[in-house]
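Colleague: Sharing a model that was predicted from the sequence below.
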Amino acid sequence: MSRGVKILIGLAVALLAGWISHGPLGRGAAYVDILEAGAKAGVARTELPGITVQMNREPLARVAVLSGTDDPFLRCGSASFIRGNRDCSMPRRPSDVPGINDRVAAVPGMSGLRWEPRGRVVPLLAETLGLTALAWLVGLGLGWLIFRPRRKREGYL
Amino acid sequence: MLNLASYNLPILGVALVIGVLTARWAFRRPPAPTADSRAEDSSQT
């Protein structure tokens, strides 16, 4: 069997292990549940009625989907409302009142949020498999350093 | 991403070990024939 085929088989086994962890073992859904709980706690701290937050689940992603208001002050905080750009992209100042977006984005691990449940998101499975492939590559590099074929030294001259 | 990586640390460790084993399988030189095995080969032929 050629070296390239062996390496591809190794990568496939690593990706299979990543998928088993994400899907059948349920770690992907559990991670999204943790993020959702954090986002709900963040929204609850604003004490605003009627704001709901759910995680994107089809596909599973680290993106929160919010609903309940279209008020830019509530969504973005004082940065956009007072300075009038209304797109939440104003640089924050320490004196700004945080909006709902800021509370949700501050959850560790959250990659994004949106108020309309449409558009593309990066699936959590893709991110997990990417990290798995990276770890496999590091292992392959380490293994190459250890097991690479070396020429036999035949003398010192 | 760091948070995701730390949550997935167990499977990343498994992937790293699989990578090392893959390198061992793919790159390790087969053991050199010993004098006994060479003698066996020559006696068979």
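Modeller: Thanks, I have it.

Colleague: From now on I want contacts and neighbour counts done on CA atoms only, so please keep to that.
Modeller: Will do.

Colleague: and residue 17, how many neighbours?
Modeller: Because you didn't say which chain, this covers chain A. Counted with other CA atoms under 10 Å in any protein chain shown, the neighbours of A:A17 add up to 18.

Colleague: Actually, chain B is the one I wanted.
Modeller: For B:V17, the neighbour count with other CA under 10 Å is 20.

Colleague: residue contacts, it?
Modeller: Shown in contact with B:V17 (CA atoms under 8 Å, 6 or more residues apart in numbering or on different chains): A:136, A:139.

Colleague: Now name the helix or strand holding it.
Modeller: Taking DSSP states H and E as the criterion, B:V17 maps to helix B:9-27.

Colleague: Quick one: mean pLDDT for that helix?
Modeller: Per-residue pLDDT over helix B:9-27 has a mean of 95.

Colleague: same question, stretch A:99-117
Modeller: Averaging pLDDT along stretch A:99-117 yields 87.

Colleague: CA atoms only: put stretch A:142-157 into CSV for me.
Modeller: These are the backbone C-alpha positions of stretch A:142-157, laid out as CSV (Å, rounded to 0.1, in the frame of the first residue of the first chain):
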residue,chain,number,x,y,z
LEU,A,142,5.0,14.9,15.4
GLY,A,143,5.0,11.3,14.2
TRP,A,144,7.0,12.2,11.1
LEU,A,145,9.6,13.7,13.3
ILE,A,146,9.8,10.5,15.3
PHE,A,147,9.4,7.9,12.6
ARG,A,148,10.8,9.5,9.4
PRO,A,149,13.2,7.4,7.5
ARG,A,150,16.8,8.5,8.3
ARG,A,151,19.9,7.7,6.3
LYS,A,152,22.4,5.5,8.1
ARG,A,153,25.5,7.4,9.1
GLU,A,154,28.4,5.7,7.6
GLY,A,155,31.2,7.8,8.9
TYR,A,156,32.1,11.2,10.2
LEU,A,157,33.9,12.5,7.1
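
Colleague: Chain neighbours aside, what residue packs nearest to A:Y31?
Modeller: Leaving aside its sequence neighbours, A:Y31 sits nearest to B:Y7 (CA to CA, 6 or more residues apart in numbering or on different chains; 7.7 Å).

Colleague: In stretch B:9-22, which residues are buried?
Modeller: B:11-12, B:14-22 (16 or more other CA atoms under 10 Å in any protein chain shown).

Colleague: actually stretch A:139-150, sorry about that
Modeller: A:139-144, A:147-148.

Colleague: can you tell me which residues contact A:T52?
Modeller: Counted by CA under 8 Å, 6+ apart, A:T52 has contacts A:40, A:43, A:66-68.

Colleague: Give me every residue in chain B lying close to chain A.
Modeller: B:1-5, B:7-8, B:11-29 (CA under 8 Å from any CA of the partner chain).

Colleague: redo that, cut-off 7 Å
Modeller: With the criterion set to CA under 7 Å from any CA of the partner chain, chain B comes near chain A through B:1, B:3-4, B:11-12, B:15-20, B:22-24, B:26-29.
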